[in-house]
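Peer 1: kindly return the folded structure for what I paste below:
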Amino acid sequence: MQTGRAAADYTAKTLRGHTGRIVGLAYVLGNSSLSDSWKSMSVVCSASTDGTIRAWNVQEGVHLWTTSVQEPLGMIIADQQKGLLFSADSQGTIKAWKGLTGEELGSFPTSSSACSLLSHTVEDQSFLIVGSAGGSLYTLTSPALSQVSKVVAYNTFKINVLTASPDKQWVIVGTNENFDQFVKVFYAESLTCPCKDEPLVSQSLPVNGCSSACFLPSEAARVLMLHSDALSHHKKISVFDIKSKKSKYKVEIIAEQVGSFQLETGGWHPETLLRGCGSGTVLTASGHHLKVYTVNGTMLACFKDHTEPITAICADSFRVVTASQDLSLRVLTWQQLKDKGLSLDSRYHLLGGSHMFSRGFTNVACDYASIVASVAGKDGKDVLKAYVFNT
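Peer 2: Sure, this is the predicted structure:
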């Protein structure tokens with residue numbers, strides 16, 4: 001399906017119910033390319049400033065459940081493997097939910113005005129790692145949300161970067177509220193299984209002003225970090241391999257820088273989005289442009305498919321979807337070229353409605369069979385647009 005023809009290639013539905021701004025959405029049940037039947041039910045959950053989480057059957061376009069009204073929500077993530085959902089509200093209360101029923105499974109207070117959330121599973125043990133606006137890093141059991149450990153990563157500065165390596169060994173933490181503060185890497189086992197009277201194993205990396213970080217999914221622990229310096233505000237991407245050196249009594253963190261390059265942003269933009277794909281492909285979105293780089297900074301492609309700034313990206317091993325204020329989604333697909341790595345091809349647009357009622361797309365998520373995105377309503381009531389592929 002390359003043309004994006006409504007009805008012939010996909011079915012579009014509008015999912016209404018929230019009375020506030022949608023702050024996040026996540027697939028709690030999705031289709032993958034490895035599924036026996038990729039047309040099985042997908043379930044997406046959305047969180048809103050109206051204080052509710054709503055769940056939706058994407059294929060049918062029907063509402064499944066809604067939580068009771070709580071404080072305005074600020075973030076939502078899913079653990080698809082366990083069928084769990086996690087939320088954070090404006091008062092710093094973290095909650096765990098059963099994804100298919102909406103049953104509340106646990107609650108934990110942080111008293112933080114904003115939190116970052118990271119679901120972390122090692123073998124048969126699951127945890128939720130929480131970064132607070134005050135710089136504290138909590139590790140909680142999942143789904144009961146009992147505290148396992150707490151460490152102050154940054155004194156009074158908000159944790160805005162929180163991500164874990166594919167090999168499950170490392171957690172990257174960062175803040176962009178103070179340029180004197182460096183990115184930190186934590187040995188995950190010391191967070192999830194701390195030793196009494198021993199400090200957590202961590203190390204600072206020579207990167208400050210970090211606004212985003214992600215690991216390359218096909219590498220064990222190769223991290224991309226988007227950052228800028230305090231004087232020029234030029235944006236750079238630094239690439240590090242994280243490894244360990246273990247002895248009988250301690251674990252030593254070894255971070256080797258394997259790449260660094262400055263981004264060509266083409267003017268001032270308030271936000272640059274960062275994603276990593278495969279073993280060495282870097283995606284950035286700034287303003288109208290989506291760019292593809294190698295980890296050494298060679299630009300492989302530049303796409304200008306939108307007429308307004310890109311607000312969100314969803315990327316997996318099959319496709320990349322960009323959402324924009326121009327009220328459209330652009331779908332691009334990966335191709336593996338012999339001896340040349342990944343190539344990204346722009347395919348088609350999906351339209352989101354009329355600017356008479358909407359301000360543009362704000363979030364986007366996808367699985368193998370569908371795409372769901374949130375649309376900002378001019379009346380303050382955001383909606384979801386769901387696109388289900390027929391072939």
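Peer 1: when you work out contacts or count neighbours from here on, use the C-alpha atoms and nothing else.
Peer 2: Will do.
Peer 1: phi, psi of the residue nearest to residue 254 when sequence neighbours are not counted?
Peer 2: For residue 254, the nearest residue in space outside its immediate sequence neighbours is residue 243; the separation is 5.1 Å by Cα to Cα, 6 or more residues apart in numbering. For residue 243, the backbone dihedrals are phi -140, psi 170 (criterion: degrees, to the nearest 10).
Peer 1: quick one: pLDDT of residue 243?
Peer 2: Reported pLDDT at residue 243 in the predicted model: 96.
Peer 1: residues touching residue 259, list them.
Peer 2: With contacts defined as Cα atoms under 8 Å, 6 or more residues apart in numbering, residue 259 is in contact with 238-240, 295-297.
Peer 1: which one (most neighbours) among the residues you listed?
Peer 2: Of all those, residue 239 has the most neighbours under the rule other Cα atoms under 10 Å, reaching 24 neighbours.
Peer 1: strand partners (parallel or antiparallel) of the helix or strand of the chain with the lowest mean pLDDT?
Peer 2: Within the chain, confidence by mean pLDDT, DSSP states H and E is lowest for strand 341-351 among all helices and strands, at a mean of 89. Sheet partners assigned to strand 341-351 using DSSP bridges are listed as strand 328-337 (antiparallel).
Peer 1: how about residues contacting the partner strand?
Peer 2: Applying Cα under 8 Å, 6+ apart, the contact partners of strand 328-337 are 305-306, 317-323, 342-352, 360-361.
Peer 1: can you do 6 Å?
Peer 2: In this structure, residues lying in contact with strand 328-337 by Cα atoms under 6 Å, 6 or more residues apart in numbering are 318-323, 342-352.
Peer 1: now do the buried residues in that strand.
Peer 2: Residues of strand 328-337 classed as buried under the neighbour-count rule (16 or more other Cα atoms under 10 Å) are 328-334.
Peer 1: and stretch 299-314, by the same measure?
Peer 2: Taking 16+ other Cα under 10 Å as the neighbour-count basis, stretch 299-314 is seen to contain the buried residues 299, 305-306, 308-314.
Peer 1: what's the average pLDDT for it?
Peer 2: Taken as a whole, stretch 299-314 carries a mean pLDDT of 95.
Peer 1: how far does it sit from the chain's center?
Peer 2: The gap between the average C-alpha position of stretch 299-314 and the chain average comes to 17 Å, counting by Cα atoms, centre = their mean, to the nearest Å.
Peer 1: quick check: residue 363 touching residue 311?
Peer 2: No: Residue 363 is not in contact with residue 311 according to Cα atoms under 6 Å; the separation is 7.1 Å.
Peer 1: any stretches of this structure with poor pLDDT?
Peer 2: Scanning the chain with the threshold set as pLDDT under 70 gives 1-8, 32-39, 230, 232, 265-270, 339-340, 391.
Peer 1: the same query, at a cut-off of 50, please.
Peer 2: Segments of the chain classed as low confidence (criterion: pLDDT under 50) are 1-3.
Peer 1: what about the helices in it?
Peer 2: Assigned by DSSP state H, the helices in the chain fall at 188-192.
Peer 1: mind listing what's buried in stretch 225-245?
Peer 2: Going by neighbour count (16+ other Cα under 10 Å), the buried part of stretch 225-245 is 225-228, 235-243.
Peer 1: circling back: farthest pair within the contacts of residue 259?
Peer 2: The widest separation within these, taken as Cα to Cα, falls between 240 and 297 and amounts to 13.8 Å.
Peer 1: re earlier: same list (the buried residues of strand 328-337) but as TSV, adding distance to residue 17.
Peer 2: As requested, the buried residues of strand 328-337 are arranged in TSV below (distance: Cα to Cα, whole Å):
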residue	distance to residue 17
328	21
329	22
330	25
331	26
332	30
333	32
334	35
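Peer 1: on that earlier part again, the residue nearest to residue 254 and residue 148: what is the separation?
Peer 2: Here the distance between residue 243 and residue 148 works out to 24 Å (Cα to Cα, to the nearest Å).
Peer 1: and if you look at residue 240?
Peer 2: For residue 240, the distance to residue 148 under the criterion Cα to Cα works out to 28 Å.
Peer 1: same thing with residue 212?
Peer 2: In this structure, residue 212 and residue 148 are 26 Å apart, going by Cα to Cα.
Peer 1: so the two - more neighbours on which side?
Peer 2: For residue 212 versus residue 148, neighbours defined as other Cα under 10 Å are more numerous around residue 212 (23 against 16).
Peer 1: need the contact list for the residue lying closest to the more buried one once chain neighbours are set aside.
Peer 2: On the basis of Cα to Cα, 6+ apart, the spatially nearest residue to residue 212 that is not a chain neighbour turns out to be residue 226, at 5.2 Å. Contacts for residue 226 (Cα under 6 Å, 6+ apart) come out as 210-212, 236-237.
Peer 1: same check on residue 20?
Peer 2: Per Cα under 6 Å, 6+ apart, neighbours of residue 20: 48-50, 380-381.
Peer 1: rerun at 7 Å
Peer 2: Contacts for residue 20 (Cα atoms under 7 Å, 6 or more residues apart in numbering) come out as 48-50, 380-382.
Peer 1: same check, this time on residue 80
Peer 2: The neighbourhood of residue 80, defined by Cα under 7 Å, 6+ apart, consists of 28-29.
Peer 1: ok, it to residue 331 distance?
Peer 2: With the distance defined as Cα to Cα, residue 80 ends up 23 Å from residue 331.
Peer 1: swap in residue 23?
Peer 2: Using Cα to Cα, which is the criterion applied here, residue 23 is 22 Å from residue 331.
Peer 1: one step back: can you name the two of the buried residues of stretch 225-245 that sit furthest apart?
Peer 2: Considering Cα to Cα, no two members of the buried residues of stretch 225-245 lie farther apart than 235 and 243, which are separated by 25.9 Å.
Peer 1: roughly how far apart are the closest residue to residue 333 other than its chain neighbours and residue 367?
Peer 2: Leaving out its chain neighbours, the residue that sits closest to residue 333 by Cα to Cα, 6+ apart is residue 319, at 4.2 Å. The spacing between residue 319 and residue 367, counted by Cα to Cα, is 9 Å.
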